[in-house]
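> Fold the following.
(2 chains)
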Amino acid sequence: MEQKISGDLRKDEQYLITTIGQGLDTQYRHLLIPALDSCSALIVYIKGLINITELEDAIIRPLTVPNRIGTEKRVKKITLPDFIKSSLFIAGIKPSQNWTEICDAIVSGNSVLFIDKYPGAFILANTGWESRTISEPTSEVEIRGPKDSFVEDLVPNMALIRRRIRDYGLRFEAMRLGDRTKTDIALVYIEGLTNDEILTELRTRLGKIKIDAIIASNTIEELIEDSKYSIFPKMLRTERPDKATAALLEGRIVLIADNTPFVVIAPTIFWHFLQSPTDYYEKYILGTFWRWIRLLAMFLAVSSSSAYVLLTSFHQEMLPTSLALKIAADRQGVPFPAAIEAFIMEILLEVMNEAGLRLPKALGQTVSIVGTLVIGQAAVQAGLIGPALVIAVATGAIASYAIPSFAMSNTIRLLRFPVLLSSALFGIFGYLGAIIFMTLYLISLRSLGTPYYSPISPYQKDPQKDTLLRAPYTEMKKRPETTRPQDSVRQPGSSGNNN
Amino acid sequence: MTKVQIDRMQYFLLIPNLLFPKAIGITAGVTARRVGGDAWTAMAIGFAAGTLMLLLIVFLSSRFSKLTIIGIVEQVIGKWPGKLAGLMLAAFFSLGFAVSANVMTLHLKEYFLIETPFLVICLIYILLCMYGVILGIENIIRYALLGFLGCLLINVTMIFGTIGDFEMINLLPLFDRGIVDNLAASIYVFGDLALAAMAIGMIFPMLNDNNKAGRLTFWAMAVSAVIIITWPVLELGVMGAGAMEQYVVVCMQQIRCAQLTRFLPRYELIMVFFFTFSTFVQSATLYFCAMYSIKQISGIKKDWYIVVPLSLVLVPITYFMAKDHNNYVNFLDYPWAQICLAVSLGLPLLLFVMALFSGKLMTASSANNSTGS
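Below is the predicted model of the structure:
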């Protein structure tokens, strides 16, 4: 791509055909410009990626209408780039003499104008493709709070954030990743608030990415996260602009990738996965209550079936006598040991879960009915499984859905299996061993250098107001120390109106 | 030294974790076998003396703030005595680890997993602690917060579950066996205190701010004493000295006496759930200290090279120490308590006296002052 633009339209067109091809979507449109003594011109664009109305009305019409009085006289006095800039009715016009830049502009959805005998081209920013309109979030539904969500386009996504933060320091740093996909990425942060070390670290990690394709933001997440083989998500994904905005205002960084409706937030701590925007849209006491309920849900999701197995197989004496007798009576005739029974049920549940996600909506109900009746009721009636186990497995499943982050919910569901296995092998010892192993591992993790289990361990006092508690706004005068923000004060000089 | 750093809060919370697991049940039982109903007063005396000993270690470590206790021996006495002290401490921590690990393994073997081979229990617990050591002392110590919360929760549930059966008469008269016997029996607390003291001697240089470390240590010891002494007091009040003497793991028996409402008549599982975190911190810290002692004297850089063979040594030590619980109790009675007393009092006192007379205590002090530490 080192060849220069010749100014000879035929040669330049041929070069472009060789480079970006002449497929169904790539258009080469020839024009005559009366204002330039009927000089030949060529517009190259990709159909479907540009705004065709804008092309006709704002670019082609002004160039081809012959009776623009005074234009010819003016053109003799001004340069060609100035003529183009003053004639076309679009905002983004950039002269270029670099083939790489020109080809990138075309494949990114811009039009490029070549004029005969001019050794350069004009990149015209008239991108416009069909895209989904901003709609309600589908995976992070909240009762209160805004109903908009990110879409697959970078520009509206940036606007969704800019609309919420009018701080002069809000920055959208552009970069392009993926040798073939050339995906546009925006690194979003607030200058003067976000910690420079964390920002530099993220830039360094992004700079090290060498890959052919970035299909979605999770690819970037995987490429830059700490402890790559860890099962726990170490960056938060969200489709909610309010969540991304709140993260930016805490001094964190948001990564928006083109073609992905989920943005990535870093650094992230473990407790963020148990928090939901609703915590802040309702009274603080409700927010705190829900956080504890989610923590309990996480515990139940990991432990319910393991608890059933270890209590029925190893430590029956720990159950109150009436309950132990009831469970024993219900299990009479069940052909499998409790551990096998639990494994079968857990796996069937995952199969149903997966099937429910893939099936068309119309068939989803069928799966629910078959799952409930056949696997639940019928299996119990047939004496293949005990009813207490059905309750334990269902409790675990429902509890896993109470976790606001889908990524963390999946992780927790997967972790049930090793915990169940070790409980089935060694009873309470196996269960405790698995819990210690997991928490120790969590404590050792980091997200962009920030301890993942902070502010609980290592303990930090002030961020406790917004970790497992949701303190009233009057008490949250500082930003969380976990992200080491440059400007830590949220409410300068606030006396805290407690009325 | 090392780049690992712990903060004051972590240091404060580590101390109760290093003392609590064994002291509440096994030490209480051993002491009760000696002085019956005076077990709690003997333990209280032990704690008072142990606090002074710990403060002496902290004083020395503050003076030589960048050195572990092995480094201090090298500096004060000489290189080879330092190596010898390192070797001795490696053996001490290895035995300490086995003592601590068996607190957990005996709880499991005698109350929960009666049919599981003891070797398997030992093996798994050692693997778990090994994992902690591989992740690093910083992560083990971060766990201390969970361990401490666990200790508080066990105490609260135990108090609520047993207070109804508490008989003050069981604790009276005070000093029934006389002061001398109480003093003599207080040495059993050193089985726990010595482990904590020597571990602090190894970990102290990692403290990121050792300003007023003595005061911090004192309060950590005070908190530890309160949450630990509560146990023998309630064990004696509920079960009585006679029953206490009959059991190895007295705290489990105490929990068996407890009843948290009609619906939770037995909560050993809940107790062991809270208890395990602090036991893990104690065991893993001692494991680390054993590994770190060997690392300091051998100069081996990679932890793995020490951790793997050390684990292979710790498995049989742990297994044979408590394969028969009578052997374990006898070992704690003699010679473990005496070894602990000798190490935890002898080594710091020796170092203090030698450093004082050789003038190195003052030199170290002024060097620290000049570097701003």
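> Quickly find the element holding the residue nearest to A:Met318 when sequence neighbours are not counted.
What sits nearest to A:Met318 in space, not counting adjacent residues and going by CB to CB, 6 or more residues apart in numbering or on different chains, is B:Leu269, at 5.0 Å. Glycine gets a C-beta too; all of them are placed from N, C-alpha and C. Assessed by DSSP states H and E, B:Leu269 sits inside helix B:268-298.
> does the helix or strand following that helix come close to chain A?
Once the chain leaves helix B:268-298, the next helix or strand it forms, by DSSP H and E, is helix B:303-322. No. Using CB under 8 Å from any CB of the partner chain, helix B:303-322 stays clear of chain A, with a minimum separation of 14.2 Å.
> and helix B:303-322 with helix B:268-298, angle?
Compare the direction of helix B:303-322 with that of helix B:268-298 by axes from the mean of the first three to the mean of the last three CA atoms, to 10 degrees and you get 130 degrees.
> right, and the helix or strand after helix B:303-322?
helix B:325-331.
> Enumerate the residues of chain A near chain B.
Listed as neighbours of chain B in chain A under the rule CB under 8 Å from any CB: A:314-315, A:317-318, A:320, A:426-429, A:432-433, A:436-437, A:439-441, A:443-444, A:451, A:453, A:456-459.
> Please check the residues you listed and keep the buried ones.
Neighbour counting with 16 or more other CB atoms under 10 Å in any protein chain shown marks A:314-315, A:318, A:426-429, A:432-433, A:436-437, A:439-441, A:443-444, A:451, A:453, A:456-459 as buried within the residues of chain A next to chain B.
> What residues does chain B have near chain A?
Neighbours of chain A within chain B, by CB under 8 Å from any CB: B:7, B:9-10, B:108, B:112-113, B:116, B:120-121, B:124-125, B:128, B:131-132, B:135-136, B:139-140, B:142-143, B:145-146, B:263-269, B:272-273, B:276-277, B:280.
> Recalculate using a threshold of 7 Å.
Contact residues, chain B versus chain A (CB under 7 Å from any CB of the partner chain): B:7, B:9-10, B:108, B:112-113, B:116, B:121, B:124, B:128, B:131-132, B:135, B:139, B:142-143, B:145-146, B:263, B:265-266, B:268-269, B:272-273, B:276, B:280.
> Go ahead and confirm the residue nearest to A:Met318 touches A:Gly427.
No. Using CB atoms under 7 Å, B:Leu269 is not in contact with A:Gly427, being 9.4 Å away.
> State the mean pLDDT of the helix holding B:Leu269.
Mean pLDDT, helix B:268-298: 93.
> That one: how far from the chain's middle?
Centroid separation for helix B:268-298 versus its chain: 9 Å, with CA atoms, centre = their mean, to the nearest Å.
> swap in stretch A:44-55?
Here stretch A:44-55 is found 29 Å from its chain centre; the criterion is CA atoms, centre = their mean.
> send the alpha carbons of that stretch over as CSV?
What follows is stretch A:44-55, C-alpha atoms only, in CSV (Å, rounded to 0.1, in the frame of the first residue of the first chain):
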residue,chain,number,x,y,z
VAL,A,44,-16.3,5.0,-3.9
TYR,A,45,-18.4,3.6,-1.1
ILE,A,46,-19.9,0.5,0.3
LYS,A,47,-23.6,0.1,-0.1
GLY,A,48,-25.3,-0.5,3.2
LEU,A,49,-22.7,1.2,5.2
ILE,A,50,-23.3,4.7,4.1
ASN,A,51,-26.3,7.0,4.3
ILE,A,52,-27.4,6.9,0.7
THR,A,53,-29.8,9.9,1.1
GLU,A,54,-27.0,12.0,2.4
LEU,A,55,-24.8,10.9,-0.4
